[in-house]
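> What follows is a predicted protein model with its sequence.
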Amino acid sequence: MSTAMTRLGLFLAFLIPHSGALMGGDHVVLRRAARYHAIPGCVNMLADKRHIERFNEMLSEVALPEGALALVEDQQARVLLRGVSEAMEVEKVRKAFEILYEDISPIRLAGGVIFKQLAKHSIAATQVYEQLTSDSTDSLSSATIQPLANLFDAIDVDDSGSLSMQELKDSGLLQTLGLASDDVALNDFFSRADENSDGEISFAEFALAAMKEPKLQQAEIALEATLQHLQTVQSSFQVTESSEASTPRKGWGGLKISRKSPGERFDEMVEIFSSWDDTPKLAAASEKGGRLGQVLDGCLAGSRSPRVVEALRLVYCEYSALRMAGDLIFKLMQTFVEK
C-alpha cells in the first residue's frame, strides 16, 4: 500500500469516531468512502441537506461588501473574509468548498469554529461601515473606503493593522496635507482619532477621522504624496544585509535544515495545481466528472484567485488540523489527475 493510501486510511480512522453524531454512524462513513469513484478517500456521494444548509448559512453570516471588508480590524480575519467573499463569487470554488464541508468531518468542526469568529468580525465591520456610509452630510461614500484602506496600509509599515504615533509622524501624511504643522498638532489629531485611547489608530478609527477631514478623503492624492515622502526617507538610509542573514541555517551537528515550512509546502501545492492547466492529464481527469471532479475544478479555479490563495494559505499555516486535511485533499487530487 502506498504512503498516500496509508495516510488516507489513518485519516478515515480519525474521521470515524468523530462522525457518528453528524453523519449517522461509522458504517455511513465507510460506505461513503468506498463509493467515492472507487478511490479510497474521504469524500462521499450522498448529499446531506443539513450540512449544505449550514454551509450556506455560515457564508451569509460573513458576507460583506468590498468597502466593509476594508474595515475588518483583525488582519487575519480580513484576509479570510476577503477569501470567502471571492470564493462566493466563483461558483466552482464555492461548490468545491461545499462538497468538502459536507463530506469531511474535521473541516466541518474546524470550519464552524473559524466562521463563528469571522461572524463577530463581520458584525463589527458592518456597524462601522453603516456609520461611515450613512446619509449624514459628513459621511463617506463606499468608493472612498478602499482608497483610504490603501493609504492606511502604506502608513502601517510594520503591518500590525494599526497606526502608532511614530508611523503617522514618519509618513508625513498630515504635514503634506496641511493638517499638522508641528508635533503639537500631530498629537492633537492622534488623540482625537484614537477614540478608545489604546495608543494606536485602527483603520475604523482612521476612517472615522477622515469623515471630519475632507483632505483625508482625497485618498489617492494623499497616498501618492505619502509614498513619495516614505521613499525619500528610505533612500536616505543605507540598507545592508548582515552576514548572519546570509548564513545558511544549520541544525544539530552542523547539518543544514531542509525541512519545508507549511507556507513553502502550500506554495508548492499551488504551483502543482497551476502546472496542470491545459494538460492531457487534466483533460482526462475532468472527463471523469463526479464530486471529485468538482473538487478538482474548484481547486484549479481557486489557485487562480489571489484572495482565495491568500486565505487558504493562512488557514493551512495557522490551523494544523486543517493542514492535515489539506495535505490529504491534495493527495486525492494528485491521484485523480495522474491516474
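Sure thing, it's come through. Computed from a predicted model, the values in this text were never measured in an experiment.

> Could you chop the protein up by domain?
Segmentation of the chain into domains, based on automatic domain parsing, reads 3-125+261-338, 139-235.

> For those, give me a markdown table that also has distance to Thr133 and mean pLDDT.
Yep, even glycine has a C-beta here, placed from its N, CA and C like the rest. Below are the domains of the chain laid out as a markdown table (distance: least, C-beta to C-beta, whole Å; pLDDT from 0 to 100):
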| stretch | distance to Thr133 | mean pLDDT |
| --- | --- | --- |
| domain 3-125+261-338 | 7 | 78 |
| domain 139-235 | 5 | 78 |
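
> now the ones you listed as JSON lines including distance to Leu132 and mean neighbour count?
Formatted as JSON lines, the domains of the chain follow (distance: least, C-beta to C-beta, whole Å; neighbours: other C-beta atoms under 10 Å):
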{"stretch": "domain 3-125+261-338", "distance to Leu132": "8", "mean neighbour count": "17"}
{"stretch": "domain 139-235", "distance to Leu132": "5", "mean neighbour count": "17"}
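
> closest one to Gln131 among those domains?
Gln131 lies closest to domain 139-235 among those, at 7.5 Å (C-beta to C-beta).

> sec struct for Arg259, please.
The three-state assignment at Arg259 reads coil, by DSSP: H, G, I helix; E, B strand; the rest coil.

> Without its sequence neighbours, what residue ends up closest to Ala204?
Leaving aside its sequence neighbours, Ala204 sits nearest to Val128 (C-beta to C-beta, 6 or more residues apart in numbering; 4.6 Å).

> elements contacting the strand or helix carrying the one you found?
If you go by DSSP states H and E, Val128 is part of helix 105-132. Secondary-structure packing of helix 105-132 (3 or more C-beta pairs under 8 Å, 6 or more residues apart in numbering; DSSP states H and E): helix 3-23, helix 49-62, helix 66-69, helix 75-89, helix 91-103, helix 142-155, helix 203-212, helix 320-338.

> Gly302: which of the ones you listed is closest?
Once the helices and strands packed on helix 105-132 are compared by C-beta to C-beta, helix 91-103 is nearest, at 4.6 Å.

> contacting residues for Asp297?
By C-beta atoms under 8 Å, 6 or more residues apart in numbering, the contact list for Asp297 reads Lys92, Lys95, Ala96, Ser286.

> With Lys95 instead?
If you count contacts by C-beta under 8 Å, 6+ apart, Lys95 has them with Gln294, Asp297, Gly298.

> mind listing which of the residues you listed are in helices?
Within the contacts of Lys95, residues falling in helices by DSSP state H are Gln294, Asp297, Gly298.

> distance of Glu264 from Lys331?
Here Glu264 is placed at a distance of 17 Å from Lys331 (C-beta to C-beta, to the nearest Å).

> Oh, that last question was meant for Glu89, not what I typed.
In terms of C-beta to C-beta, Glu89 sits 28 Å off from Lys331.

> again with Leu80
Taking C-beta to C-beta, one finds Leu80 at 24 Å from Lys331.

> ok so, going back, same list (the helices and strands packed on helix 105-132) but as a markdown table, adding distance to Leu312.
Converted to a markdown table, the helices and strands packed on helix 105-132 look like this (distance: least, C-beta to C-beta, whole Å):
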| stretch | distance to Leu312 |
| --- | --- |
| helix 3-23 | 19 |
| helix 49-62 | 16 |
| helix 66-69 | 17 |
| helix 75-89 | 7 |
| helix 91-103 | 10 |
| helix 142-155 | 21 |
| helix 203-212 | 24 |
| helix 320-338 | 8 |
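
> Looking at those, spot the one closest to Leu118.
Once the helices and strands packed on helix 105-132 are compared by C-beta to C-beta, helix 49-62 is nearest, at 4.8 Å.
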